[in-house]
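Visitor: Fold the following for me, if possible:
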Amino acid sequence: MEEFITDYSVLDSLLDNISIIDLNGFIRFTNESWIRFAMTNGGNPNNCGIGTNYFDACKEENTVVLGIRQVLTGRILSFQYEYPCHSPSVKRWFLMQTAPLYTSSGEIYGAVISHINITQRKLLELQLEELAITDTLTSLYNRRYFNKKLKQELAHANRYNHSLSLILLDIDHFKKINDTYGHEAGDRAIREISFVLLDCTREKD
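Guide: Next up, the predicted model:
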């Protein structure tokens, strides 16, 4: 089997955090971004640098360990895993990708592991998701979310034989508000009621 290539200097120019592991999971190379990220985020480079075992670092994530091992054994061509990595001051998400390294004879001798910062994409996804389930006028959840949540709550109540309460709220003489003061005033009335609802209900309600 071929020896590990020692010149990976081109990887030091990349912003993504990259390491190379052997078949047993031991780290044989890390680029500058990998070490810099560890040092600036309270990590110890000695616990995630060359010579340490990557499986030890992610032993609490069985899905990750299994995925990487499947790449190393050739059962799958690649593996990726999306995860949050928040700090006390900022929310961040990363995408871990694993791809095999081959010898000239086609044997797998290791894998490249990269951690790509996908925070901007994730924030946009969360924003779009919020827009899809939120009413723009009131900032309350819309009917699509209500129908989905009601179905879940009914199933949960039936499964565990729990009671379930549902409140139906109507705005008295709302048509009169619109007819007398206009639809803009009607919208304001709806918003004010939504503020009251948000203020007097618990998050789980």
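
Visitor: switch to C-alpha atoms for all contacts and neighbour counts from now on
Guide: Fine.

Visitor: After the helix or strand of the chain at the bottom of the mean pLDDT ranking, which helix or strand is next?
Guide: Every helix and strand of the chain was ranked by mean pLDDT, DSSP states H and E. The lowest is helix 45-48, at a mean of 67. Scanning forward in sequence from helix 45-48, with DSSP states H and E defining helices and strands, the next element found is helix 54-57.

Visitor: list the buried ones in that following helix?
Guide: Counting neighbours by 16 or more other CA atoms under 10 Å, one finds that the buried residues in helix 54-57 are 54-55.

Visitor: Tell me the helix or strand right after it.
Guide: On the C-terminal side of helix 54-57, the closest following helix or strand by DSSP H and E is helix 62-72.

Visitor: Just the buried residues of that next one, please?
Guide: Going by neighbour count (16+ other CA under 10 Å), the buried part of helix 62-72 is 64-65, 67-72.

Visitor: Kindly report the same for stretch 72-79.
Guide: If you call a residue buried by 16+ other CA under 10 Å, then stretch 72-79 has these buried ones: 72, 78-79.

Visitor: Straight-line length of that stretch, end to end?
Guide: In terms of CA to CA, to the nearest Å, the two terminal residues of stretch 72-79 are separated by 10 Å.

Visitor: what does it rub up against?
Guide: Residues outside stretch 72-79 that contact it (CA atoms under 8 Å, 6 or more residues apart in numbering) are 23, 67-68, 70-71, 97-100, 108-111.

Visitor: mind listing what Ser139 touches?
Guide: In this structure, Ser139 makes contact with Ser194, judged by CA under 8 Å, 6+ apart.

Visitor: before we move on, what SS does it have?
Guide: With DSSP: H, G, I helix; E, B strand; the rest coil as the basis, Ser139 sits in coil.

Visitor: contact partners of stretch 167-176?
Guide: Applying CA under 8 Å, 6+ apart, the set of residues contacting stretch 167-176 from outside is Gly186.

Visitor: Return the distance of the helix or strand hosting Ser33 from the chain's centre.
Guide: Secondary-structure assignment from DSSP H and E places Ser33 in helix 32-40. Helix 32-40 has its C-alpha centroid displaced from the chain centroid by 21 Å (CA atoms, centre = their mean, to the nearest Å).

Visitor: Repeat that for stretch 30-49.
Guide: Mean-position distance between stretch 30-49 and its chain equals 22 Å (CA atoms, centre = their mean).

Visitor: Please parse this protein into its domains.
Guide: Here the domain assignment for the chain is 9-121, 130-200, based on automatic domain parsing.

Visitor: and Ile5, what pLDDT?
Guide: The predicted local distance difference test score for Ile5 is 55.

Visitor: what residues are up against Thr98?
Guide: If a contact means CA under 8 Å, 6+ apart, then Thr98 has 68, 71, 78-80, 111-114 as its contacts.

Visitor: let's go with 6 Å and repeat that
Guide: Contacts for Thr98 were tallied using CA atoms under 6 Å, 6 or more residues apart in numbering; they are 78-79, 112-113.
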